[in-house]
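1. sequence unavailable; structure follows:
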């Protein structure tokens with residue numbers, strides 16, 4: 001995992017591991033897509049990146065002394081397209 005990606009630190013960072021996209025938010029980390037872990041050195045490299053990512057997320061969660069039981073996820077709001 002790159003040092004620049006700090007889980008829950010901002011609303012801007014995006015990381016890619018294979019075709020898996022990891023989006024950083026203040027209240028969540030979202031993983032979308034997929035990653036194929038082949039039985040070779042390339043697959044091992046991707047697996048290590050996933051392992052580092054998961055370890056960083058766990059570390060950030062464990063360090064939060066005010067960690068809530070659950071985060072309330074707000075429904076998406078559709079707005080009128082200002083360009084139409």
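-> Done, it's in. All of these numbers come straight from a predicted model, not from anything done at the bench.
2. tally of neighbours for residue 66?
-> For residue 66, the tally of surrounding residues (other CB atoms under 10 Å) stands at 4. The C-beta positions use only the backbone N, C-alpha and C, and glycine is treated the same way.
3. angles on the backbone of it, please.
-> Residue 66 adopts backbone torsions of phi -110, psi 30, taken as degrees, to the nearest 10.
4. cool, residue 29 as well?
-> Torsion angles at residue 29 (phi, psi; degrees, to the nearest 10) stand at phi -120, psi 120.
5. list the contacts of it.
-> Residue 29 makes contact with 7-8, 22-23, 57 under the criterion CB atoms under 8 Å, 6 or more residues apart in numbering.
6. could you redo the last one with a cut-off of 6 Å?
-> Residue 29 is in contact with 7, 57, counting by CB atoms under 6 Å, 6 or more residues apart in numbering.
7. please apply the same query to the one 4 residues further on.
-> The neighbours of residue 33, taking CB under 6 Å, 6+ apart as the test, are 19-21.
8. so which of those belong to strands?
-> Cross-referencing the contacts of residue 33 with the strands (criterion: DSSP state E) gives 19-21 as the overlap.
9. save the residues you listed as JSON lines, and put in distance to residue 77, neighbour count and pLDDT too.
-> Below are these laid out as JSON lines (distance: CB to CB, whole Å; neighbours: other CB atoms under 10 Å; pLDDT from 0 to 100):
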{"residue": "19", "distance to residue 77": "29", "neighbour count": "10", "pLDDT": "95"}
{"residue": "20", "distance to residue 77": "27", "neighbour count": "17", "pLDDT": "97"}
{"residue": "21", "distance to residue 77": "23", "neighbour count": "15", "pLDDT": "97"}
